[in-house]
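1. fold the following, please.
(chains A, B and C)
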Amino acid sequence: MFMKLIEIPLPQIFDWEAMKAYLSQHSLELLHPREEDWFYRWLNTGNESSLFRSTVDTQMNLIQIEVLHSSGVNNEEKIITEFVNEWWDLNRDLKSFYKIAKEDHLLAPLVEKSQGLRIGGIPDLWECAAWAIVGQQVNLSFAATLKNRLIQQFGEKIEWEGLEIWQFPSAEKIASLQPEELRPLAISQRKAEYLIGFSNMIVSGEIDKEKLRGFASAEEASQQLKKIRGIGKWSSNYILLRCLRYPDAFPLGDAALYNSVKKLLGMESKPTDDELLKLAENWEGWQAYATYHLWNA
DNA sequence: GTCCAGGATACTG
DNA sequence: CAGTATCATGGA
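-> Model (predicted):
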């Protein structure tokens, strides 16, 4: 039995099947386990925490959120609603993206097929950066394995009617570790240093979401992030795409991006950066959504 | 066995 | 300054 029901009107264009596919892509999703069409999430709200589950009612055009365990804080509903808004990018007006995408020979068939695809986000900056770091260079399934080991080793879990729901390890927890303590998880020495270094900057407040918001372009915000050890051009733009949601974030260097373009254009070899940037001239202002459609393809 | 994965940095000439 | 080596592991 749930304690409270929150309903959010569904944006006009929203592809629930695509969002479900993203949320379910790694077979073992500890942070938002799925049961039927419900996704469970255990959210920190300061010193307290809320457990909720959310789904989409496509008949009623509603997002439904059931609060299963309340934190008791008086702005809980607002916090959860804002989280889901960011998680599923509900407030994005995609009209101008579709306008340019329909004129683009690479994107046109993709947006036709995936109307309402919205970028699945990682609203927590620390969690997003950690995912970017463990995902550097290695294939996605191995990256997911590393993330799950981090969560199960250093995170916290609760159970709800037999279902386990985990919280990502806090920055404080990772900041308290030595790199050697992460090595047994098969995280490289370098990545262990990157993770601990980033977590320390979160703990000290040296970096936070507010400081990364409000830049006129992803490029400017990216320059801030790239000052951090372990965060290069790919990771900075990945974080801007998934967490800060700059629509013009463009993760140049992304292996999946090159492979997708190569396949879609029937190229002999992977496109060069110059070729990719040439294509991206048509996507000005919407590089993040163009990238996401290419990943999705 | 080799090559490549949603890269970034340290080192070398 | 640009190349190159290194890292971790697993799947193709």
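2. state the distance from the one residue in chain A that gets nearest to DNA strand C to A:Gln223.
-> Nearest residue of chain A to DNA strand C: A:Ser188, at 2.8 Å (C-beta to the nearest atom of the strand). Every residue, glycine included, has its C-beta placed from N, CA and C. Note on A:Ser188: its distance to A:Gln223, by C-beta to C-beta, to the nearest Å, is 26 Å.
3. of these two, give the one with the bigger neighbour count.
-> A:Ser188 (16 against 13; other C-beta atoms under 10 Å).
4. quick check: domain ranges of chain A?
-> Domain assignment of chain A by automatic domain parsing yields the ranges A:4-91, A:125-244.
5. what about the shortest one and DNA strand C, touching?
-> No - applying C-beta under 7 Å from any atom of the strand, one finds domain A:4-91 out of contact with DNA strand C, separated by at least 11.4 Å.
6. pLDDT score for the residue sitting furthest away from the middle of chain A?
-> Largest separation from the mean C-alpha position in chain A: A:Glu268, at 31.3 Å (C-alpha atoms, centre = their mean). Looking at A:Glu268, its pLDDT stands at 92.
7. try A:Asn47
-> On pLDDT, A:Asn47 comes in at 85.
8. any idea how many residues pack against it?
-> 7.
9. how close does it get to DNA strand B?
-> With the distance defined as C-beta to the nearest atom of the strand, to the nearest Å, A:Asn47 ends up 32 Å from DNA strand B.
10. sorry, back to before: mind putting the domains of chain A into CSV with distance to A:Asp274?
-> What follows is those, written out as CSV (distance: least, C-beta to C-beta, whole Å):
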stretch, distance to A:Asp274
domain A:4-91, 30
domain A:125-244, 15
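11. partners of the longest strand along chain A, with directions?
-> Using DSSP state E to assign secondary structure, the strand with the most residues in chain A is strand A:48-57. Strand pairing for strand A:48-57, determined by DSSP bridges: strand A:38-45 (antiparallel), strand A:62-69 (antiparallel).
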